[in-house]
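Peer 1: show me how the following folds:
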Amino acid sequence: MNTYMKLIILLMALVLNFSQAAAKENVAVFDFNPVGVDNQTALSSSQIFRAELGAIGKYNVLTKGDIDERLQAASIYDFTANDINSAISKGKIIDADKSVIGSLTRLGNKIIVDVQLISVSSGEIELSDRFSTDSIEDLDVVLRRLAGAVSSG
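Peer 2: Model prediction:
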């Protein structure tokens, strides 16, 4: 009987663990829109943000390859989403629960990173946040903080 109970407890723990993993929402992070910064910096920042958000573990973050592949399968070759409507429509196509859009904007010596977390089903902006830095070299810190804000938001 003791072995039987241990087996039941182990099975229940596995089911609980699986259900928690299955409950993660799919999040599509679209490439950030560059405003006054070069395109490569915006693309790199988008990738760093994806990695930071994924490392936190709250969401199942779709890779850029997954996003592009799913959009191509739907005969869509514009992989950007710079406004709420395109984030919602493309999010639905790629089976995302939430979309993240953002921008990198140079304002004098500052670089401002804006992000919005959008519910694909309701169209509601669940979080809008902004961080800034005086140096491109510090963008990774800013992106890590923004990923934390999105995960807690």
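
Peer 1: look up how far residue 84 lies from the most centrally placed residue in the chain.
Peer 2: Nearest residue to the geometric centre of the chain (CA atoms, centre = their mean): residue 29, 3.9 Å. Separation of residue 29 from residue 84 (CB to CB, to the nearest Å): 15 Å. All C-beta atoms are positioned from the backbone trio N, CA, C, and that covers glycine.

Peer 1: surely residue 146 meets residue 50?
Peer 2: No: applying CB atoms under 8 Å as the test, residue 146 and residue 50 come out as separate, 11.5 Å apart.

Peer 1: next, the buried residues of the one helix or strand residue 139 maps to.
Peer 2: Using DSSP states H and E, residue 139 sits within helix 139-152. Neighbour-count burial for helix 139-152 flags 139, 140, 142, 143, 144, 146, 147, 149, 150, 151 (criterion: 16 or more other CB atoms under 10 Å).

Peer 1: which residue ranges form the helices in this protein?
Peer 2: 2-22, 39-56, 64-73, 84-93, 139-152 (DSSP state H).

Peer 1: among these, which is nearest residue 124?
Peer 2: helix 84-93 (9.6 Å; CB to CB).

Peer 1: what residues does that closest one touch?
Peer 2: Helix 84-93 is contacted from outside by 28, 30, 70-71, 74, 76, 80-81, 97-101, 116, 118, 120, 123, 125, using CB atoms under 8 Å, 6 or more residues apart in numbering.

Peer 1: list only buried entries from the residues you listed.
Peer 2: Buried among these (16+ other CB under 10 Å): 28, 30, 70, 71, 81, 98, 99, 100, 101, 116, 118, 120.
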